[in-house]
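> What would the 3D arrangement of this be:
(chains A and B)
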Amino acid sequence: MTQTMIGERPLPQPDEDSAPYWRGCNEGELRMQRCKPCGRLRFPPRPMCPRCQSLESHWVPVSGRGTVYSWVRCHPPLLPAFQERAPLLVVLVELEEGEDLRIVGNWLGEGAEDVAIGQPVQVVFERVNEEISLPHWRGMG
Amino acid sequence: MRRAAAIVGIGQTEFAKKLGRPERTAALEAIRTALQDAGLEPGEVDGLVRFDMEATSEVDIARNLGLPNLRFFSSIAYGGGAGCATVAHAAMAIAAGQASVVVCWRARNRGSGGRPWAATGQGVPGDAQFTAPYGLVRPVDQIAMLARRHMHEYGTTSEQFGAVAVAARKHAVRNPRALMRDPMTLADHQASRMISEPLRKFDCCLETDGALAVVVTSAERARDLRQPPAVVLAASQGMGPEHTVMTDYHGPHFLKTPSTWAARDLFGASGVTPADVDCAQFYDAFTPLVLLSVEEYGFCKAGESGPFAAGGALEWPDGRLPFNTSGGGLSEAYVHGFNLILEGVRQIRGTSTSQVPDAEISLVTSGAGVPTSALLLCRS
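Prediction:
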């Protein structure tokens, strides 16, 4: 895990449904919500399964591997917390578990200039404070 | 409710980067002008429909205008997606006998009032907790995700986005109300700086102060009023599965916005097809939204909108589908897309500054990327 300063950056405000996701991230593991009766994975977290309408779910670890589905490079004006990191590379990653599970994150590490759709990536966690670690992505191979 | 109601009055303030008066005052001016345009007295208004983001309440509007009795009022959610839905709700209320004269409006000091995203707090609740911590907070960043994927899947180019901006500017140059009246070339577009790669400054709409209003009544009553009516041929709202504002990051249809569903029901209810549409006012907060709308409203197949735009199809007077003939949000003014509705009416009246000859069917769409709405207007 990498350690950063908080600054004024926007941070997630976990709620009843998302708390297990953020707890997993803080423990260094990417987890997804799975419907107990029908087994469907879903994201973002929510109380009800959109396929079978069950309110019963649990959290399961996922591989943390995926591919870049889309990406943008944000140029100023940005929020003050991100100005020093401009241009800011944000990627949308499709998890290898499928089921249209896609997660937004920043690109960390080498290869930011050559990012491309379809590129394999691996999750990497950035510890921001005691409660919050953010999942980001780095290139594989 | 096909052909049950019509837009019979339009009104607006001037557009400005800084209007210099509050949104409430501007709203009242626009509504007063729209009623005068229709030849109707405030005392006849018995319905109001607003955006839920609107700063001024129905109570405030009613007691300023001196409305004696409101029988119908509703507010529509989802920002720029609300525009055409205000007219849709007005038309439904009229068709159902719940109201006889309904005013819809939008007043917004977005030019002088600051950027909503700049107020992003440190603790982010809701869906944005999964995006804002990564700096993905501006609308342009969210639409850039769609744009990048469209480029990847279909070979769409920045120059093709540019063709949208250049066409809008070409129309704005002819419109005295428009804020941007200097011609723009494709080279100007390509030279404008990156805001959210792949989108440049000239892929983005303006930031404007202004207010606009329309008056809706029954098609029957409309025949006896001052202006040629713009009859509501059809109106729809729409949203698909697994939607997330403003990009369906997690859904099965990444490149289908809520417009796909609004379009299906709009044409389904109208009895006409895209081939019958003479001109379109597409919601244009960012140029890729126009290309997506061209596809989603059925003017070309998925992936073909880039060549469609680059070939001049969106340009007045010779294009197949002259779009945003006032200059739209890109070059006339950005008032949450409400100015597109007034321009759609002008095309039916025959009073646009880039008038499509004998326009009979006029399409107007609202915010793409959010739960949205659309209108087909026609002559009586």
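
> where does the stretch 1-150 of chain B have low pLDDT?
Nowhere does the stretch 1-150 of chain B drop to pLDDT under 70.

> got the residues of it near chain A?
B:117-118, B:120-127, B:129-138, B:141, B:144-146, B:148-149 (Cβ under 8 Å from any Cβ of the partner chain). Placement of C-beta: from N, CA and C, glycine included.

> quick one: which of the residues you listed sit in strands?
Secondary structure assignment (DSSP state E) places B:G123, B:V124 from the residues of the stretch 1-150 of chain B next to chain A within strands.

> what's the distance between the closest residue to B:P183 other than its chain neighbours and B:L35?
Spatial nearest neighbour of B:P183, chain neighbours left out: B:V173 (5.7 Å); criterion: Cβ to Cβ, 6 or more residues apart in numbering or on different chains. As judged by Cβ to Cβ, to the nearest Å, B:V173 and B:L35 stand 31 Å apart.

> Of those two, which one has the most company?
In this view B:V173 and B:L35 are compared by other Cβ atoms under 10 Å in any protein chain shown, and B:L35 has more residues nearby, 23 against 17.

> B:C279: what's it in contact with?
If a contact means Cβ atoms under 8 Å, 6 or more residues apart in numbering or on different chains, then B:C279 has B:W316, B:L321, B:P322, B:F323, B:T325, B:G344, B:Q347, B:V356, B:A359, B:S362, B:L363 as its contacts.

> from the residues of the stretch 1-150 of chain B next to chain A, which would you call buried?
B:117, B:120, B:124, B:127, B:129-138, B:141, B:144-146, B:148-149 (16 or more other Cβ atoms under 10 Å in any protein chain shown).

> is chain B contacted by stretch A:68-81?
Yes. Applying Cβ under 8 Å from any Cβ, one finds stretch A:68-81 in contact with chain B at A:Y69, A:S70, A:W71, A:V72, A:R73, A:C74, A:H75, A:P77, A:L78, A:L79, A:A81.

> What about those, which are in helices?
In helices, defined here by DSSP state H, the members of those are A:A81.

> What is the burial count for the residue of the stretch 251-380 of chain B found nearest chain A?
Residue of the stretch 251-380 of chain B nearest chain A, by Cβ to the nearest Cβ: B:P252 (5.0 Å). Residues lying near B:P252 (other Cβ under 10 Å) number 11.

> right, and it touches A:R102 too?
No. The pair B:P252 / A:R102 is not scored as a contact, 10.6 Å apart, by Cβ atoms under 8 Å.

> How far off centre is the longest strand anywhere in chain A?
In terms of residue count, the longest strand belonging to chain A (DSSP E) is strand A:65-74. How far strand A:65-74 lies from its chain's middle: 11 Å, per Cα atoms, centre = their mean, to the nearest Å.

> pLDDT averaged over it - what is it?
Confidence over strand A:65-74 (mean pLDDT, whole number) is 98.

> before we move on, the earlier item: filter the residues of stretch A:68-81 next to chain B down to the buried ones, ChimeraX style.
Buried members of these, defined by 16+ other Cβ under 10 Å, are picked up in ChimeraX with:
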select /A:69,70,71,72,73,74,75,78,79,81
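
> Given the longest strand of chain A, what are its sheet partners and their directions?
Take DSSP bridges as the rule and strand A:65-74 pairs in its sheet with strand A:88-95 (antiparallel), strand A:120-127 (antiparallel), strand B:194-197 (antiparallel).

> In the shortest one, which residues are buried?
Read that as strand B:194-197. Within strand B:194-197, the residues that count as buried by 16+ other Cβ under 10 Å are B:M194, B:I195, B:S196, B:E197.

> go on, stretch B:75-84?
Under the neighbour-count criterion of 16+ other Cβ under 10 Å, stretch B:75-84 has B:S75, B:I76, B:Y78, B:G79, B:G80, B:G81, B:A82, B:G83, B:C84 buried.

> Ok, stretch B:152-163 next?
Buried residues in stretch B:152-163 (16+ other Cβ under 10 Å): B:H152, B:Y154, B:T156, B:S158, B:Q160, B:F161, B:G162, B:A163.

> need the strands for chain A, in chain order.
With DSSP E, the ranges of strands along chain A come out as A:2-3, A:11-12, A:31-35, A:41-42, A:57-61, A:65-74, A:88-95, A:102-106, A:120-127, A:133-139.

> what's the least confident stretch among those?
Mean pLDDT is lowest for strand A:2-3 among the strands of chain A, at a mean of 47.
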